[in-house]
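*Asks:* coordinates for the following, if possible.
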Amino acid sequence: MATSKSDPLSDFTILGPSILLHLPSSTARSNTSATVPPPSLIILTTWNSALSKHIAKYTAHYRTLYPSSPILVVRNTIPDLITRSYASQEKRLKAAISVIQEYGTGKVLLHAFSNGGAFTATQLARVYKLEMGQELSVGALVLDSSPGIATLKRTADALVATLPKGFLYVYSFHFQILYPFLRNNVELIRYRWHNPLVLLVLYLILGIVYIHAAIFHSEDVITVTRNNLNNGTLIHENIRLYAYSVQDPMVGWEDVEAHSREAEKNGCVVRNEKWDTSGHCGHMYNDPKRYWDAVQQVWEASSK
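*Replies:* Take a look at the predicted model:
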């Protein structure tokens, strides 16, 4: 099933909820003459609630860089990070696993955005390992604006950034995995950040989540994601690129660099690209040439 013609990703095929695939034409596949083999598959795991018009900026450039490479887009929403069980995640991601099985036999380029995309990437790798019995092997892993550390303020800021603009929005959170007495959908009216009620509601929700984690000694998804990226059991890459910024209000540059140092200690080949002025997931807009040069260079290095 194709997406709507008005959608910037209209030529992608919808494989399942939040999973899209672009296959190059036979002409594009046959006209490849690059000295470095292109990715057999490019996987983009997007930031939370990313809009098609923003995702398309990246897919369009990848189609220019590597016209013969299929592109798999895996999107995510707030429930994917907070309330969906592992079982429902597995069901949702099975369509993506089928694509990796078919097109990921060569070298894969995995590009994850923000904590949401990094979480999705590790979940994808977890389901892949359940299905295939081995870690997800990629040529290059690009981590754009991640992974951070889950402070209350930064988590709230990240959630607020995904709220719709200009109108009331009613959204159902499914908290059944948190507390037995919250099995029914809890509907929350969400406003933009300028409404104090939004921040109050968000902090109350996050406070419940943090208290639950403290009582039951469970880790938040961002901490789990940080660990899964570096524990060597889910994803193996030839080289890793961290793209991050001093001015990012949602992910601290110190947290990214701490993760990068840990990755190096674990044997990863790492490249850091640190911006001074770009915002969260805004490095490509800040300096497109620098951004895409870094991506190309780590891909070329992955083949050496």
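
*Asks:* what residues sit buried inside the helix or strand Tyr242 falls within?
*Replies:* When elements are defined using DSSP states H and E, Tyr242 is found to belong to strand 235-245. Across strand 235-245, burial judged by 16 or more other Cβ atoms under 10 Å covers Ile235, Glu237, Asn238, Ile239, Arg240, Leu241, Tyr242, Ala243, Tyr244, Ser245. Every residue, glycine included, has its C-beta placed from N, CA and C.

*Asks:* going by distance to Tyr128, which of the residues you listed wins?
*Replies:* Ile235 (9.1 Å; Cβ to Cβ).

*Asks:* the closest one bridge partners, please.
*Replies:* For Ile235, the beta-bridge partners are Leu136 (DSSP bridges).

*Asks:* any idea how far it is from Ser49?
*Replies:* Noted for Ile235: a distance of 24 Å to Ser49, by Cβ to Cβ, to the nearest Å.

*Asks:* also Thr64?
*Replies:* 26 Å.

*Asks:* now do the contacts for Leu136.
*Replies:* For Leu136, the contacting residues are Ile100, Val108, Leu110, Leu124, Ala125, Tyr128, Lys129, Leu234, Ile235, His236, by Cβ atoms under 8 Å, 6 or more residues apart in numbering.

*Asks:* mind running it again at 10 Å?
*Replies:* 43, 97, 100, 104, 108, 110, 121-122, 124-129, 234-237 (Cβ atoms under 10 Å, 6 or more residues apart in numbering).

*Asks:* which of those fall in strands?
*Replies:* Under the assignment DSSP state E, the contacts of Leu136 contribute Ile43, Val108, Leu110, Ile235, His236, Glu237 to strands.

*Asks:* related to what we said a few turns ago, ok, Thr64 and Ser49, which is more surrounded?
*Replies:* Counted by other Cβ atoms under 10 Å, Thr64 and Ser49 do not tie: Ser49 has more neighbours, with 16 against 9.

*Asks:* turn the ones in strands among the contacts of Leu136 into CSV, columns for distance to Arg271 and pLDDT.
*Replies:* Shown next, in CSV, are the ones in strands among the contacts of Leu136 (distance: Cβ to Cβ, whole Å; pLDDT from 0 to 100):
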residue, distance to Arg271, pLDDT
Ile43, 19, 98
Val108, 18, 97
Leu110, 15, 98
Ile235, 16, 96
His236, 17, 95
Glu237, 12, 96
